[in-house]
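Have a look at this prediction, sequence included:
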Amino acid sequence: MSQFPTERVAQVRVLVVGDVMLDRYWFGDVERISPEAPVPVVRVARREDRLGGAANVARNASALGARVTLAGIVGRDEPGLKVHAMLTEAGIETVLMDDDDHPTTLKMRVLGRQQQMVRVDFEQTPSPECVGRLNEAVLSLIQAHDVLVLSDYAKGALENVAQLIQAAKALDVPVLVDPKGSDYSRYHGASLVTPNRAEMQLAVGHWVDEADLEKRAQSLREQLSLQALLVTRSEQGMSLFVQAARFDVAAQAQEVFDVSGAGDTVLATLAVIKATGASWEQAMQWANKAGGIVVGKLGTSTVTAEELA
């Protein structure tokens with residue numbers, strides 16, 4: 001691989017849109033079992049908050065040196081205020097809709113001796129009015145950016161995703177999508193879609209061998225009019241499908257400690273590198289390297305340009 005294109009990345013303008021979350025971690029020690037039920041008792045020693053979902057994608061793109069704008073929805077609550085503060089601290093421009101009736105999506109994880117014991121989710125679908133305001137804001141922002149990244153966690157922020165894709169396509173702005181669900185028709189016309197192995201199986205069914213995977217992947221790519229389809233496959237690396245070609249890259253992780261948010265890192269790296277003018281194959285190579293680094297870290301984390309150099 002060539003040297004990381006730091007100077008070109010610094011000129012890239014990334015617009016991230018999607019489901020904004022706060023990841024909250026409670027760390028502690030486990031020394032006994034509860035007398036009330038057969039569950040471990042975690043004595044909490046510290047708490048840590050990290051940006052999650054689309055906010056983690058934005059944070060990763062920013063960590064690579066790009067100029068980033070994040071658009072999404074949060075609630076008027078303590079987690080929402082925390083998200084605002086953390087994004088400001090990270091130097092990320094924000095266009096966040098504050099929804100009075102929609103609590104900020106919060107994923108709370110309890111860890112004992114660095115081992116995740118339980119995850120508790122707080123979430124609610126945002127109001128149609130708030131989604132509409134978000135959509136209008138994003139449509140006005142696309143032209144000022146080099147790439148549009150859609151982070152879909154199926155929490156409701158991307159209800160009008162098809163309209164955003166078509167608007168970006170009309171402006172010749174590349175669109176990268178991290179998908180959810182089994183119906184990918186809503187992503188028709190995007191530049192790249194990045195399902196993981198489980199998401200790909202949900203969309204096209206189980207494949208029997210590599211040739212069958214390629215047939216199903218190329219069929220899906222053509223149906224959706226995509227430039228490329230990238231399947232992230234954990235220990236099997238990544239497979240990139242473009243017109244009349246396939247590229248595979250082996251996993252680079254030395255030690256897998258935590259896969260939380262790894263897809264966000266991959267998506268952000270793909271977007272940033274592609275926006276510099278690189279090919280999809282080159283973008284995949286850098287994204288694979290970034291993914292291999294981030295899974296060695298605890299929780300939703302980032303990879304910096306220095307780590308990729």
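Here it is on my side, so go on. Numbering: from 1, shown residues only.

Is Asp248 in contact with Ser239, as I believe?
Yes: using CB atoms under 8 Å, Asp248 makes contact with Ser239 at a distance of 5.1 Å. All C-beta atoms are positioned from the backbone trio N, CA, C, and that covers glycine.

So which of those two has more stuff around it?
Of the pair Asp248 and Ser239, Ser239 is the one with more neighbours under other CB atoms under 10 Å, namely 21 against 15.

May I ask which helix or strand encompasses the more buried one?
Element membership for Ser239, per DSSP states H and E: strand 238-242.

Moving along the chain from that strand, name the first helix or strand you hit.
Downstream of strand 238-242, the next assigned helix or strand under DSSP H and E is strand 245-249.

A strand includes Leu107, no?
For residue 107 the amino acid is Lys, not Leu. Yes: read with DSSP: H, G, I helix; E, B strand; the rest coil, Lys107 is one of the residues of a strand.

tell me the pLDDT at Val256?
pLDDT for Val256: 59.

Show me where the protein has its helices.
6-9, 54-63, 78-89, 128-141, 161-170, 197-204, 210-223, 262-275, 280-294, 305-308 (DSSP state H).

still on that earlier bit, other SSEs contacting the strand holding Ser239?
With contacts defined as 3 or more CB pairs under 8 Å, 6 or more residues apart in numbering; DSSP states H and E, strand 238-242 has these neighbours: helix 210-223, strand 228-232, strand 245-249, helix 280-294.

contacting residues around the spatially most central residue of the chain?
Taking CA atoms, centre = their mean as the criterion, Asp264 is the residue nearest the geometric centre of the chain, at 2.9 Å. Counting by CB atoms under 8 Å, 6 or more residues apart in numbering, Asp264 makes contact with Gly53, Asn56, Val57, Asn60, Ser151, Asp178, Thr300.

what would those look like in JSON lines with distance to Asp100 and neighbour count?
Listed next are those as JSON lines, based on distance: CB to CB, whole Å; neighbours: other CB atoms under 10 Å:
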{"residue": "Gly53", "distance to Asp100": "20", "neighbour count": "27"}
{"residue": "Asn56", "distance to Asp100": "25", "neighbour count": "28"}
{"residue": "Val57", "distance to Asp100": "26", "neighbour count": "32"}
{"residue": "Asn60", "distance to Asp100": "30", "neighbour count": "30"}
{"residue": "Ser151", "distance to Asp100": "23", "neighbour count": "29"}
{"residue": "Asp178", "distance to Asp100": "28", "neighbour count": "27"}
{"residue": "Thr300", "distance to Asp100": "27", "neighbour count": "26"}
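
Identify the residue with the minimum pLDDT among those.
Thr300 (71).

Wait, that one touches Asn56, no?
Yes: counting by CB under 8 Å, Thr300 does reach Asn56; the two are 4.9 Å apart.

Tell me where the model's unsure across the protein.
Residues of the chain meeting the criterion pLDDT under 70: 1, 253-261.

And for Val120, nearest residue in space, chain neighbours not counted?
Using CB to CB, 6 or more residues apart in numbering and skipping the chain neighbours, the partner closest in space to Val120 is Met108 (4.5 Å).

Look up the residues forming beta bridges with that neighbour.
Applying DSSP bridges to Met108 gives these bridge partners: Arg24, Val120.

Hmm, Glu123 and it touching each other?
No: at 11.2 Å, Met108 does not count as touching Glu123 under the criterion of CB under 8 Å.

Tell me the spacing between Pro38 and Gly112.
According to CB to CB, to the nearest Å, Pro38 stands 15 Å off from Gly112.

now swap in Glu48 and tell me
Between Glu48 and Gly112 the computed distance is 15 Å (CB to CB).
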